[in-house]
Each structure stands twice: as structure tokens, then as C-alpha cells.
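1. Fold the following and give me the result.
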Amino acid sequence: MNTCARLVALAVALTWCLPALSKDKPYEANGAHRMVEVAYLPALSDISEGEGRWIYESLLRDGIDAADIGDSSIAVGRIYCCRPNPVDDPSFLFYTPPDMPLQIGDRVEIRIPGRPKKGRPVSLSRTVRIWESGESVGSECIWDPEIEGNWLRVLKCDFMEAEGWVYQKGLYKTWYKPAGRDQDDD
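-> Modelled structure (predicted):
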């Protein structure tokens, strides 16, 4: 299987499986925000044909106009770093609108749609803000802890505590912004 297919398959699996494995995590709640690093940007054909078609249909069902879906409208963003092969890092699949073009390596804040209700289709996370892009990567956000070889590092950004982000300790360490906490995107 090529890298593109592996990344899409991984993101699909995580989109469907992670919520089922974990119950009532505040960082998975509808409206919570997470920080990810863009690892892959599928082409339109990857999400509109064959096995990826459900992604395109999900976007249309969520009210996104077909004209706003194109190459790089969907991104795969990793939430943990840094395995020898980035394809193996846990990740999120998310939509980004045409006025927020992304590139590999961007650090992006996404809004989580929450866990799907029984019998309801999955909605995708969405880009809220691009915090770092291109040359600025590393100026506000780092992979924490800064220990090479640690495979469960999470993005930590200078602004997080001041903006109400919370550090989740335990098995699934992460930074997240709880739903409804001074958010203007809802």
C-alpha cells in the first residue's frame, strides 16, 4: 500500500475507532479544540473516489459546498510526535476551507465535532486557525517534552494557558481547549 493510501486508511481508522475506545474524554467533546501538525494533504480524487468517497459525502452532508472541496481541502494532522515513520503517528482527519490553505508541517488548531451519536454519520473536524506556517514553525509551538526519540510528544504552544487550554495528564496526554471556553467559532 502506498503512503497516501496508508495515511488515509490510518486517519479513517482513527476517526472511527478512537472515539469508540475512549468514553467521555473532555478533549473529544463537541466543540473542543486540539492542536495538530499537518502531515499529509490528500488530492481531491483521494477523497471523492473509491474508498475515500465517504469523506467527500461527509463534507457535503455537513453543509460544505462542493465548490469549496478540492485538492488539500482535507488534511491529516498528527497529534503525537515523532515515530520513525510519520505515517504511524496517531492523527486526525479534518476539513480546511479554501481561504485557509495549508502546507505540510503547519501547526493548526482544529475544532472537534464530538463523538457521533449511535446510528449517525461521522462529521469531520475543522480548521479554526493556522498558528504556524512555513518559516514560522517552531516560533510559538514545540513538541513537548523536547526529548528526541519520545514517540508521545504533544504540541505545546506559548499562548495555550493564556487562552484557556488545559493539559490532560494520564494515558492520553494532550493539550485541548474545552468546548465553549471563550471560542468565537461556534
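2. and the residue nearest the centre of the chain, what helix or strand is that in?
-> Taking CA atoms, centre = their mean, the centroid of the chain lies closest to residue 92, which sits 3.6 Å from it. Element membership of residue 92 [criterion: DSSP states H and E] is strand 91-95.
3. Buried ones in whatever helix or strand comes next after that strand, by neighbour count?
-> The helix or strand immediately downstream of strand 91-95 is strand 107-111, counting by DSSP H and E. Buried residues in strand 107-111, defined by neighbour count with 16 or more other CB atoms under 10 Å: 107-111. In short, each C-beta sits where N, CA and C put it, glycine included.
4. Excluding its own residues, what touches strand 107-111? List them.
-> 31-38, 75, 77, 92, 94, 96, 102, 125-133, 137, 140-141, 155, 157, 177, 183, 185 (CB atoms under 8 Å, 6 or more residues apart in numbering).
5. swap in stretch 155-166?
-> So stretch 155-166 is in contact with 26, 33, 35-37, 79, 81, 107, 131, 140-144, 175-178, 181-182, going by CB under 8 Å, 6+ apart.
6. need the contact list for residue 140.
-> Contacts of residue 140 (CB under 8 Å, 6+ apart): 107, 131-132, 157-159.
7. Closest one to residue 48 out of the residues you listed, please.
-> residue 107 (27.2 Å; CB to CB).
8. that older thread, mind checking which of the contacts of strand 107-111 land in strands?
-> Among the contacts of strand 107-111, the residues falling in strands (DSSP state E) are 33-38, 75, 77, 92, 94, 125-132, 141, 155, 157, 177.
9. Give me the buried entries from these.
-> 33-38, 75, 77, 92, 94, 125-128, 130-132, 141, 155, 157, 177.
10. Number of residues surrounding residue 82?
-> 17 (other CB atoms under 10 Å).
11. pretty sure it is touching residue 153, no?
-> Yes. With contacts counted by CB atoms under 8 Å, residue 82 reaches residue 153, the gap being 6.5 Å.
12. what is in contact with these two at once?
-> residue 143.
13. so where's the protein shaky on pLDDT?
-> 1-27, 84-89, 116, 119, 181-186 (pLDDT under 70).
14. Now with 50, please.
-> 7-10, 12-22, 185-186 (pLDDT under 50).
15. what's the neighbour count on the nearest residue to residue 39 once chain neighbours are set aside?
-> Spatial nearest neighbour of residue 39, excluding adjacent residues (CB to CB, 6 or more residues apart in numbering): residue 78 at 4.7 Å. Residue 78 has 24 neighbours, counted by other CB under 10 Å.
16. Perfect, I'm done here.
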